[in-house]
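Chemist: Turn this into a structure:
(one chain, ligands or ions: 1)
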Amino acid sequence: MDALKLLSRSTGLKTKISKPSPQNVPSASGHIPSENGSDSTVGRKRKRDSKDSDDGDSSVTLSHLLTEEEVRQFQKKHKIKIVDLKLFRAASKSTDSRKSQKEQSRIFPQPLTSFGQLGQQYNINSALAGNIAQQAYFEPTEVQAATLPLLLKPLLEEGQQEPDLLTIAPTGSGKTLAFLIPLIEKTSRAHRQRRDQAEKHVSSIILAPTKELVSQIVNEGRKLCSKTGVSITAMRKGMELWEGHAVEAESQSDVDEDVEHNSDLEKDHNPSRLVKADILVSTPLSLVHALCPAWEEDQTKPPNPLPHIETLILDEADVLLDPLFRAQTLAVWAACTSPSLQISLWSATIGSSIEELAISTIYQRQKRLKIPRSQRPQLLRTIIGLKDTSLPSISHRLTYTATESGKLLGMRQLLHPTRATSSSKGDADAAPPPRTPFLVFTQTIARAQSLYDELQYDIPAPAGGSSRIAVLHSSLPDHVRSSIMQKFREGKIWVLITTDLLSRGVDFRGVNVVVNYDIPTTVAGYVHRAGRTGRAGRRGGVCVSFYTKEDIQYVKGIANVIAASEKAQASSANRHENGDSAAASLPAGGIQPWLLHALPDVSKTAKKDLKLHGVQSRRAIHADDDEKTRRMKRKARIGTQSGYEKREVNRKRAAVQASLSRRTAPQERDTGAEWGGFD
Ligand SMILES: Nc1ncnc2c1ncn2[C@@H]1O[C@H](COP(=O)(O)OP(=O)(O)OP(=O)(O)O)[C@@H](O)[C@H]1O
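Modeler: From the prediction side, this is the model:
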């Protein structure tokens, strides 16, 4: 296993980078034609210095722009849909069918067919173009092809405003690059126009739900910002967003150690604590504390305004606008008071209620700031592929284990596959046994810890023993969290047990197997967890989900996602039938149609309850739980001790306790009695 090579991206470790085969890049559904209409870019590495125009040389233009019909064909082939939501709003007042309303509001801008166009057509900062080339990205992914022109084109002409944008694109499809490139270019242009570095202040904010994701975005951003004059940093303790407003150290959560220090902050004198970076990446709570330290006590208090912020990006927008983070995110959004603020929301899953919330927040803000209609930016929605489906390149296995102890057995079988269990008795077509690295998800921190305790000695000592397995959750100190992340990226840890903390956005390139030891609490959760494998077009990723009797009532949604993903894979296999054998082979252990019929529909209340609390038997024991619930929860605990062994241990413990209390009781009576005086 070459885990080191697979996981080494983002670690700074040098590995040999080879050109991926065309079907392995994220644009696997079909190659992107070059400017002259041919498919010549595919399969050939672009020369780094041949196309990038020099900074300021705007005379180089594309020799050939695609006609509208070609753009339509391109969008169809790559499953790209761009809708102008204002046109859609106007069209929805008509009596036309919804389908035709949608068709009327679709737009067909020029796509980005190669990274070379960034220099040629969009005249981006040459250092930025060089940094992109340095990353050895050979061609844009669908989301990059669709959104980069939308965000970069308005920068070319003065007075043009970038659109507000909602983007839904599959996991691992390169959304981070899609929002970072235009942001860095916009900031670099603003620097050139201003040329007054003394004025430097934060002009853009990127919000992400976890510290791990914040750290990852900053690391990716740093690579792209190199030598562009643009700086990016993560929110950290003691930072001031404006002079005299230090963040309360104890109320402010720290970011990971692997985020390098912003050099501006390391100067000793106090004003240096002022954030001087251009782009600030933060979790919503960290930022909201910076804007209003007492925010949690009084959430009605408006946070201090951030009038200089020109761009706000919500990565994993559906989580940020979910009730869990909603108040904090909206508080930051409201604090960005610039009338020319450009907002973009990115995720693999944005449900219609979240989309409505985002759109209404955008409109209300424009009304509040009294921005004339003529000056309001376009509002666009880009969808890549099918909404709320998992990547077709991932194989899914939904495994019934009946009980909790069945799961442990299943997990051990995955870790130690034998010939008999991995290939169904000599079946030559059976899938090969899954190979580490594994990312294992549980419902709660306590369960992640228990599973770790159970499995920590399962890897044989000659293979590294317990150092190969780790647990990561939000109760661990930040430095431990970042060290585990680093080791997993470097391939030193093979099995990482975690909670939903790592289900969103985190990019471990080489994860081969995602195990849902406990089923996720939402369908979107499944899409995101599964999406930790099969990233950047990698094939061979497997997502195994165990379910027990208690889960049967909830798994239909997951089964539907798997069925949709398999259908997409089958149709892509048909398209590739003349050559792409990897795509042509259907995943092993897929969903049988009878199972889809047999599984009960999930009621709205059950969905809501699952989302809020998880499966009941796996929740922590509460003081007000009745005896039956306690028993059920105890039974669902992760462990290899049999019921008999547990009862024996409890019996012995009770006997020892009783003997101890018999011995201490007389003393307690002597010392504990109140002194009644000499009388
Ligand atoms: N054009 C490209 N060609 C090849 N690889 C790319 C390209 N763009 C991005 N990648 C790689 O794809 C991987 C996934 O990218 P990224 O983390 O941005 O995905 P994402 O769409 O944000 O996923 P998620 O929804 O899970 O957050 C990263 O390792 C990134 O380096």
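
Chemist: hey, let's count contacts and neighbours off CA atoms from now on
Modeler: Will do.

Chemist: so what's the residue nearest the centre of the chain closest to, chain neighbours aside?
Modeler: Nearest to the geometric centre of the chain sits residue 505, at 1.6 Å (Cα atoms, centre = their mean). Once flanking residues are discounted, residue 505 sits nearest to residue 213: 6.2 Å by Cα to Cα, 6 or more residues apart in numbering.

Chemist: show me what contacts the one you found?
Modeler: Contacts of residue 213 were listed using Cα atoms under 8 Å, 6 or more residues apart in numbering, and they are 504, 505, 506.

Chemist: Quick one: the helices in the stretch 401-550 of the chain, in order.
Modeler: Listed in chain order, the helices found in the stretch 401-550 of the chain under DSSP state H, counting those that start in this stretch are 404-415, 419-422, 445-455, 478-490, 523-530.

Chemist: circling back to that earlier point, could you list which of the contacts of residue 213 also contact the ligand?
Modeler: Contacts with the ligand within those, counted by Cα under 6 Å from any ligand atom: 504, 505.

Chemist: how does this structure divide into domains?
Modeler: As assigned by automatic domain parsing, the chain contains the domains 75-250+269-384, 395-417+432-601.

Chemist: Using TSV, lay out those domains together with mean pLDDT.
Modeler: Listed next are these as TSV, based on pLDDT from 0 to 100:
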stretch	mean pLDDT
domain 75-250+269-384	90
domain 395-417+432-601	88
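
Chemist: any chance of the ones you listed in a markdown table, plus distance to residue 660?
Modeler: Shown next, in a markdown table, are the domains of the chain (distance: least, Cα to Cα, whole Å):
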| stretch | distance to residue 660 |
| --- | --- |
| domain 75-250+269-384 | 42 |
| domain 395-417+432-601 | 29 |
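
Chemist: okay, now the residue in the stretch 251-400 of the chain that the ligand sits nearest to: neighbour count?
Modeler: Going by Cα to the nearest ligand atom, the ligand is nearest to residue 348 of the stretch 251-400 of the chain, at 5.0 Å. Residues lying near residue 348 (other Cα atoms under 10 Å) number 30.

Chemist: same thing with residue 626?
Modeler: Close neighbours of residue 626, defined as other Cα under 10 Å, add up to 10.

Chemist: Distance from the chain centre to stretch 396-414, please.
Modeler: For stretch 396-414, the gap between its own C-alpha mean and the chain's C-alpha mean amounts to 26 Å (Cα atoms, centre = their mean, to the nearest Å).

Chemist: What is the end-to-end distance of it?
Modeler: Terminal residues of stretch 396-414 are spaced 14 Å apart (Cα to Cα, to the nearest Å).

Chemist: Show me what counts as buried in it.
Modeler: 396, 397, 398, 400, 401, 404, 405, 407, 408, 410, 411, 414 (16 or more other Cα atoms under 10 Å).

Chemist: hey, where'd the helices end up in the stretch 551-679 of the chain?
Modeler: Taking DSSP H, counting those that start in this stretch to define them, one finds helices in the stretch 551-679 of the chain at 556-575, 581-584, 593-598, 604-613, 627-635, 643-672.

Chemist: Can you tell me which of those helices is nearest to the ligand?
Modeler: helix 556-575 (16.0 Å).

Chemist: If we look just around the ligand, which residues of the stretch 101-250 of the chain are in range?
Modeler: With Cα under 6 Å from any ligand atom as the criterion, the stretch 101-250 of the chain meets the ligand at residues 137-141, 170-177.

Chemist: and those residues as TSV, adding distance to residue 483?
Modeler: Compiled in TSV, these are given as follows (distance: Cα to Cα, whole Å):
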residue	distance to residue 483
137	27
138	31
139	32
140	32
141	31
170	28
171	24
172	23
173	26
174	25
175	25
176	23
177	25
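
Chemist: quick one: contacts for residue 636?
Modeler: 404, 617, 618.

Chemist: out of the residues you listed, who's nearest the ligand?
Modeler: Distance to the ligand across the contacts of residue 636 (Cα to the nearest ligand atom) is lowest for residue 618, with 26.4 Å.

Chemist: Next, count neighbours for the closest one.
Modeler: Using other Cα under 10 Å, the number of residues around residue 618 comes to 23.

Chemist: Could you list the contact residues of this protein toward the ligand?
Modeler: Close to the ligand, as judged by Cα under 6 Å from any ligand atom, the chain has residues 25, 137-141, 170-177, 347-348, 504-505, 507, 509, 531, 535-536.

Chemist: I'd assumed residue 317 was in contact with the residue nearest to the centre of the chain.
Modeler: No. Judged on Cα atoms under 8 Å, residue 505 makes no contact with residue 317 at a distance of 10.9 Å.

Chemist: didn't residue 510 look like it was pressed against residue 531?
Modeler: No. The criterion here is Cα under 8 Å, and residue 510 misses it with residue 531 at 11.9 Å.

Chemist: picking up where we left off before, ranking the helices of the stretch 401-550 of the chain by burial, who's on top?
Modeler: Ranked by mean neighbour count, the helices of the stretch 401-550 of the chain are led by helix 523-530 with a mean of 24 (mean count of other Cα atoms under 10 Å).

Chemist: by contact count, what packs against that helix?
Modeler: strand 513-516, helix 556-575 (3 or more Cα pairs under 8 Å, 6 or more residues apart in numbering; DSSP states H and E).

Chemist: Next, the angle helix 604-613 makes with the longest one.
Modeler: To tie it back to what came earlier, the one meant is helix 556-575. Relative orientation of helix 556-575 versus helix 604-613 (axes from the mean of the first three to the mean of the last three Cα atoms, to 10 degrees): 90 degrees.

Chemist: quick one: the helices in the stretch 101-250 of the chain?
Modeler: Remark: helices assigned in the stretch 101-250 of the chain by DSSP H, counting those that start in this stretch are 116-120, 126-134, 142-156, 175-194, 211-225.

Chemist: Turn these into TSV, including distance to residue 288.
Modeler: Formatted as TSV, these follow (distance: least, Cα to Cα, whole Å):
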stretch	distance to residue 288
helix 116-120	35
helix 126-134	31
helix 142-156	27
helix 175-194	22
helix 211-225	15
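
Chemist: Out of the ones you listed, the one nearest residue 365 is which?
Modeler: The closest of the helices of the stretch 101-250 of the chain to residue 365 is helix 142-156. By Cα to Cα, the value is 20.9 Å.

Chemist: Assumed residue 313 was part of a strand.
Modeler: Yes. According to DSSP: H, G, I helix; E, B strand; the rest coil, the state of residue 313 is that of a strand.

Chemist: burial count for residue 157?
Modeler: 9.

Chemist: Of the helices and strands packed on helix 523-530, flag the one that's most buried.
Modeler: Mean neighbours per residue, mean count of other Cα under 10 Å, is largest over these for strand 513-516, with a mean of 25.

Chemist: Could you list the residues in contact with that one?
Modeler: Contacts with strand 513-516, where a contact means Cα under 8 Å, 6+ apart, come from 434-442, 529-530, 532-533, 541-546.

Chemist: Any chance of TSV for the residues of the stretch 101-250 of the chain next to the ligand, columns neighbour count?
Modeler: Shown next, in TSV, are these (neighbours: other Cα atoms under 10 Å):
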residue	neighbour count
137	16
138	21
139	26
140	25
141	26
170	28
171	27
172	24
173	25
174	19
175	23
176	18
177	20
